Each structure stands twice: as C-alpha cells, then as structure tokens.
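[1] Based on what follows, work out the 3D shape:
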Amino acid sequence: MITALAGGVGAARLLRGMVEVVPPAEITAIVNVGDDTVLHGLHIAPDLDTVMYTLADAVDPATGWGLSGETWTVMASLERLGGITWFNLGDQDLATHLYRTQRLQEGAPLGVVTGELAAAWGVGVTLVPVSDDPVRTRLGLRDGPEVGFQEYFVHLRHDVAVASVRFEGAESARPGPGVLEAIDRAEVVVVCPSNPVVSIDPLLAVPGVLDHVRHRRDRVVGVSPIIAGAALKGPADRLLREMGGDASVVGVARWYAPWMGTLVIDDADADKADAVEAQGVRCVVAPTVMSSVARSAALCEIVLRAVD
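    Model prediction:
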C-alpha cells in the first residue's frame, strides 16, 4: 500500500503517473483542505477536485485544474449581474460543488462525500481529506490584512508579500477516518511535489498526523517542488523565502528533514546532492519534470524504489 500526502497540481500529476505503476486500489491520497472555501454558498475544495479530475483524465490540460472542455455561461451571466467572479467556476465544475454542498448540508462528512464523488468519476485511488473538520489556510500580508488562501492565490494572484501563515481550526481538527491508519500501514509514504508551506504543512498541522509521519520517517520519500531555485508552478519558492526558508532543494530538505528520510531532486540540482544529504536527508537525483503521464510514471517508479 502506498500513501501520498497531496495538494494541488504537482500532486495530481504525480498520482496520475502512480496509477500507471501501482494498482489504484493500493493507493491512498491524503489531501489538503486548507485551500477549501465557501463561495456563492457552495463548499469548494480545489485540491481534492484537482486530484480527482486529473485521475479521471478529465482535467483541463492547459491549466492543470478545472475540467477539460469547460464552458462559462454561469460566470458570464453572474458578471453581467455584478456578482463575484474573481474565482471562476465552470458550468460542469459547478455540479461538483453543488453536490458536495448538498451532501454536507444533509450531514454527510467531507470524506464520505469525497468518496462518492471519486466513485462517480471512476477514480480508483482512495481520496481522503486530511480532516472532515474545517481547516483553513490564512495568510498575513506584509502590507495588508490577513486573507484566506483563495483570496491570496486567485484574487491577488499571489503577487503580494506574505508575513505569516497559519492554519485556522487545525488545533481542534481531528484526522479524517483512515488518515492515521493509511500512514501507519503504508509501505511507502510519498510526499508529492506540492507547496511545502501551504499544501503539505496544513496536513501536518492536524493533530496526530505529524507524529505518525515522523514515526515512519525511514519510509517517507518526497519529491522537491523546487527545481534550480524556482517553483515550476505557483508561489512555493517565494513562500519558502518569506517564511524564513531557502528556495532551493537544500531549503526543501531542511524544511522536511525532521520527518522525511529521502528527498528526490531534479537532475538540474545534481550538484546540490551532498548539501541535501548534509541536512540529514538521503538524496536521489532523477528527472522530476512531469511533462507527460509517461514521465510521471517513470518518476513514480524511482520514488517508490528510493526508500529501498
């Protein structure tokens, strides 16, 4: 059994390759919910949906999120009415949010609803929210107020300096059903190439998760989301620097070292392998840019062998 800690496009692409080399039924993805938000009265779960749509081969290939062949009639009508449109919701995508909101209002936990949606999309991987309880990433802007993740990432286009990050509700949240068991039973715990600050750290902020991951440290292997000093997508490099870290594979190794045994870095950073290992993390060098499903699958084979 393989357990992945996941959030966002990088995680979705790695998991899409993983199902080419491991039966989907043997994979559990524990997914970040810190990005979740409520908009237009709907519960929106961007990381869960990005992973689900990617595994269903339904994701928009141009963006890595949303649905392929999407239309925007509702958003166009809403804009004419003067409604909030900075967070685009496609016509097909709306059905997912409507269903999720309906089931949550009926009393179903988020994990149950996620399982129902994944089954409807034909996804064989077990998708598990890290918690059924609300956990929300909040970012304190250096020259402004504290904002929710989606306002930072989408509305402000993550083009503002951040002074602080916290995970509202995490201290009282409970791990979702099966989360700790999936970590404990896993042959390998894979940390996807997701943003360390706002995709992986929210998972570890839920009580019990970090302790169980740390206990499996020798079987924990991650893929660096930083290549040659930059993030391929999103603000991971800037957030690492703003939170006092280093936007490099060495910085990623230092961030993860207390609970990760092995880090896979890209060929472009091969000259930093010794510096990575100086952080107390075993280093594996491999091509990590997932420009196709085949490349993702090849990377997964390396990742799953790395702990051995």
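[2] Only C-alpha atoms from now on, for both contacts and neighbour counts.
    Will do.
[3] gap between Ile84 and Glu151?
    12 Å (Cα to Cα, to the nearest Å).
[4] Please apply the same query to Asp237.
    19 Å.
[5] Have a look at Ile84 and Glu151 and say which one is more surrounded.
    Neighbours were counted for Ile84 and for Glu151 using other Cα atoms under 10 Å; Glu151 has more, 17 against 12.
[6] how close does that one sit to Ser164?
    In terms of Cα to Cα, Glu151 sits 15 Å off from Ser164.
[7] Please apply the same query to Glu70.
    35 Å.
[8] Check Leu203 too.
    In terms of Cα to Cα, Leu203 sits 17 Å off from Ser164.
[9] Which one's more surrounded, these two?
    Neighbour count, other Cα under 10 Å: between Leu203 and Ser164, Leu203 has more, with 27 against 14.
[10] wait, doesn't the more buried one sit right on Val135?
    No - at 9.2 Å, Leu203 does not count as touching Val135 under the criterion of Cα atoms under 8 Å.
[11] got the residue ranges for the helices in this structure?
    Remark: helices assigned in the chain by DSSP state H are 8-18, 46-55, 73-81, 91-105, 110-120, 149-150, 179-185, 201-205, 209-215, 236-242, 249-256, 273-277, 293-306.
[12] Nearest to Trp65 among these would be which one?
    helix 46-55 (5.2 Å; Cα to Cα).
[13] and the angle for the closest one with helix 110-120?
    20 degrees (axes from the mean of the first three to the mean of the last three Cα atoms, to 10 degrees).
[14] what packs against helix 46-55?
    helix 8-18, strand 126-129 (3 or more Cα pairs under 8 Å, 6 or more residues apart in numbering; DSSP states H and E).
[15] residues contacting the residue nearest to Val293 when sequence neighbours are not counted?
    Using Cα to Cα, 6 or more residues apart in numbering and skipping residues adjacent in sequence, the residue nearest Val293 is Gly17, 5.4 Å away. Counting by Cα atoms under 8 Å, 6 or more residues apart in numbering, Gly17 touches Val293, Ala294, Arg295, Ser296, Ala297, Ala298, Leu299, Cys300.
[16] ditto for Arg16
    For Arg16, the contact set (Cα under 8 Å, 6+ apart) comprises Thr54, Leu55, Val293, Ser296, Ala297.
[17] cool, and Gly234?
    So Gly234 contacts His158 (Cα under 8 Å, 6+ apart).
[18] next one: the one 5 residues further on
    With contacts defined as Cα under 8 Å, 6+ apart, Leu239 is in contact with Val162, Val197.
[19] so how far is Val165 from it?
    On the measure of Cα to Cα, Leu239 and Val165 end up 9 Å apart.
[20] Check Val135 too.
    Distance from Val135 to Val165, by Cα to Cα: 13 Å.
[21] okay, the two: which has more neighbours?
    Val135 (27 against 22).
[22] Next, the more buried one: phi, psi?
    Per-residue torsions, Val135: phi -130, psi 120 (degrees, to the nearest 10).
[23] now do Ala186
    phi -70, psi 140.
[24] That one and Thr3 touch, don't they?
    Yes - the pair Ala186 / Thr3 is scored as a contact, 5.7 Å apart, by Cα under 8 Å.
[25] So which of those two has more stuff around it?
    Between Ala186 and Thr3, counted using other Cα under 10 Å, the more crowded position is Thr3 (24 against 19).
[26] Tell me the predicted confidence for that one.
    Listed pLDDT for Thr3 reads 98.
[27] Show the contacting residues for Asn195.
    Gly7, Pro225, Pro235, Ala236.
[28] now the helices of the chain as CSV including mean pLDDT?
    Formatted as CSV, these follow (pLDDT from 0 to 100):
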stretch, mean pLDDT
helix 8-18, 96
helix 46-55, 98
helix 73-81, 97
helix 91-105, 98
helix 110-120, 98
helix 149-150, 95
helix 179-185, 98
helix 201-205, 98
helix 209-215, 98
helix 236-242, 96
helix 249-256, 98
helix 273-277, 98
helix 293-306, 97
